[in-house]
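Undergrad: predicted model, plus sequence, below.
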Amino acid sequence: MSSTEGLSGSDIAQYRREGYVIVRGMYPAAEVAAWDQRFLDYIEGRLPYCDGLQVMRDVMVVKGAVDPRSPLHAVNKLFCFEDDPVLMRYTTDPYMLRCVRQLVGPRLHSVSTNVFNKPPEVDGRHPMHQDLRYFRARPADMIVGTWTAVYPALRETGCLSVLPRSHLRGPLEHALPDWEYVNHGFYAVTDVDISDRVHVELDPGDTLLFHPLLIHGSGHNRSNQFRRAISAHYINDEARAPDGREWRDKPTVRRVPD
């Protein structure tokens with residue numbers, strides 16, 4: 001566990017060696033509750049969508065395999081919340097930024113913001129994958145992912161699992177998993193033994209910082225409760241796209257104040 005001054009030397013060493021580190025209690029309960037309420041206000045219709053905000057329904061609901069009990073039970077995730085001032089406090093929190101800058105450098109952009117919602121009664125799995133395949137910027141060491149539990153993330157509720165040291169293998173091939181129900185954009189690494197994966201159980205406010213080449217995913221929610229989390233990625237301003245294209249020009253990429 002790190003202090004609010006940032007990551008310790010051993011935290012940083014673990015991140016470099018294993019591809020991830022957990023920061024317990026990064027966010028206070030009141031702030032986590034504010035993000036949860038903001039999510040609920042959007043999904044339950046009390047708040048009009050801000051610019052760019054999108055909501056993805058679970059594939060089982062879309063295909064009619066599940067009749068959701070409420071609008072909340074139909075949602076897989078809310079994403080692209082860059083224009084929401086409450087949710088974006090997640091990406092500009094001083095404690096978070098101290099930790100991220102220790103890993104990838106001082107000048108940052110946030111990207112790929114999500115509130116993940118894993119309802120009961122749907123498959124809800126996310127296959128084991130590497131996030132780097134979703135980004136143009138390189139090198140991978142200039143990118144870090146963050147994932148913070150809003151509700152308890154337990155094996156029973158479908159917490160994340162990670163394959164330690166898999167970030168050292170480099171980019172791997174991905175394909176659609178051979179599942180009956182797969183949410184849009186969910187790809188899986190191929191020909192990889194994941195038997196040594198570690199299940200990352202988190203309490204609300206606990207945060208996982210992980211390398212974009214770390215193989216990770218999540219299982220089925222076997223409980224009658226929701227599993228919810230808020231997430232983003234950060235990219236060092238010095239990163240470049242191998243094809244020379246500009247990666248900062250998307251509306252979902254935001255410069256983090258120094």
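TA: Yes, it's here.

Undergrad: CA atoms for contacts and neighbours, from now on please.
TA: Fine.

Undergrad: tell me what R227 is bridged to.
TA: R227 has these beta-bridge partners by DSSP bridges: K118.

Undergrad: that one: neighbouring residues, count only.
TA: 22 (other Cα atoms under 10 Å).

Undergrad: what sits against it?
TA: The contact partners of R227, by Cα atoms under 8 Å, 6 or more residues apart in numbering, come to 116-119, 150-153, 157-159, 221.

Undergrad: for the lengthiest helix in the chain, buried residues please.
TA: Identified as the longest helix of the chain according to DSSP state H is helix 29-43. Across helix 29-43, burial judged by 16 or more other Cα atoms under 10 Å covers 31-32, 35-36, 38-39, 42-43.

Undergrad: close enough to count as contact, Y49 and I43?
TA: No: checked against Cα atoms under 8 Å, the pair Y49 and I43 is beyond contact range at 9.3 Å.

Undergrad: re earlier: partners of the very next helix or strand once past the longest helix of the chain, with directions?
TA: Heading C-terminal from helix 29-43, the first helix or strand you meet, by DSSP states H and E, is strand 54-57. Taking DSSP bridges as the criterion, strand 54-57 sits next to strand 75-79 (antiparallel) in its sheet.

Undergrad: could you export the partner strand as PDB, CA atoms only?
TA: C-alpha atoms of strand 75-79 as PDB (Å, rounded to 0.1, in the frame of the first residue of the first chain):
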ATOM      1  CA  VAL A  75     -25.800  -1.600 -19.600                       C
ATOM      2  CA  ASN A  76     -22.300  -3.000 -20.200                       C
ATOM      3  CA  LYS A  77     -20.500   0.300 -20.000                       C
ATOM      4  CA  LEU A  78     -20.600   4.100 -20.200                       C
ATOM      5  CA  PHE A  79     -17.700   5.600 -22.100                       C
END
